[in-house]
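Asker: below are the sequence and a predicted model; questions follow.
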Amino acid sequence: MTDIESLIEGHHARNRELLKSIASKGADLNLPRDIDLHFWAFSEDAARNLSTALEARGYSPVRWNRAVADATVWNVETRVQASPISVAAPAFVEDLAKLADANDGEFDGWGTSI
């Protein structure tokens, strides 16, 4: 298994647990809501390139800044209006993981307020 495949499998496992947790709080997994998407980039140029790639796919606004805890990485974030079930879908996760990887970054996952 490659590093990206391993990363994607980790997302799938976390997403199963996250969906269970959201449903246990009474939230409808099929209703669109604000979902934050989190990425790491491994240089300022990578953060800029990943931001541009996300914006080209319609994600806006995309914010990026140097990580506070580790100055060698950059935090890249955007928000999408989507259902939890759609952002946990394997194709969605794989797409974002591969997009981040192609831009010297890593998809770190998603979150939403309940």
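Answerer: Yes, it's here.
Asker: chain neighbours aside, what residue packs nearest to Ala46?
Answerer: Excluding its sequence neighbours, the residue lying closest to Ala46 (C-beta to C-beta, 6 or more residues apart in numbering) is Asp104, at 3.7 Å. For glycine as for every other residue, the C-beta is placed from the backbone atoms N, C-alpha and C.
Asker: what helix or strand does the residue of the chain most remote from its centre sit in?
Answerer: Distance from the C-alpha centroid of the chain, by C-alpha atoms, centre = their mean, peaks at Gly26 (23.2 Å). Gly26 belongs to no helix or strand when assigned by DSSP states H and E.
Asker: can you give me the strands in the chain?
Answerer: Secondary structure of the chain by DSSP state E: the strands cover 33-41, 62-66, 74-82, 105-111.
Asker: surely the residue nearest to Ala46 and Ala41 touch.
Answerer: Yes - assessed by C-beta atoms under 8 Å, Asp104 is found in contact with Ala41 at 6.4 Å.
Asker: what is in contact with those two at once?
Answerer: Contact criterion C-beta atoms under 8 Å, 6 or more residues apart in numbering; residues shared by Asp104 and Ala41: 49-50.
Asker: neighbour count: these two, which is higher?
Answerer: With neighbours defined as other C-beta atoms under 10 Å, Asp104 and Ala41 compare such that Ala41 has more, 24 against 16.
Asker: ok, what's across the strand from that one?
Answerer: Trp74, Gly105 (DSSP bridges).
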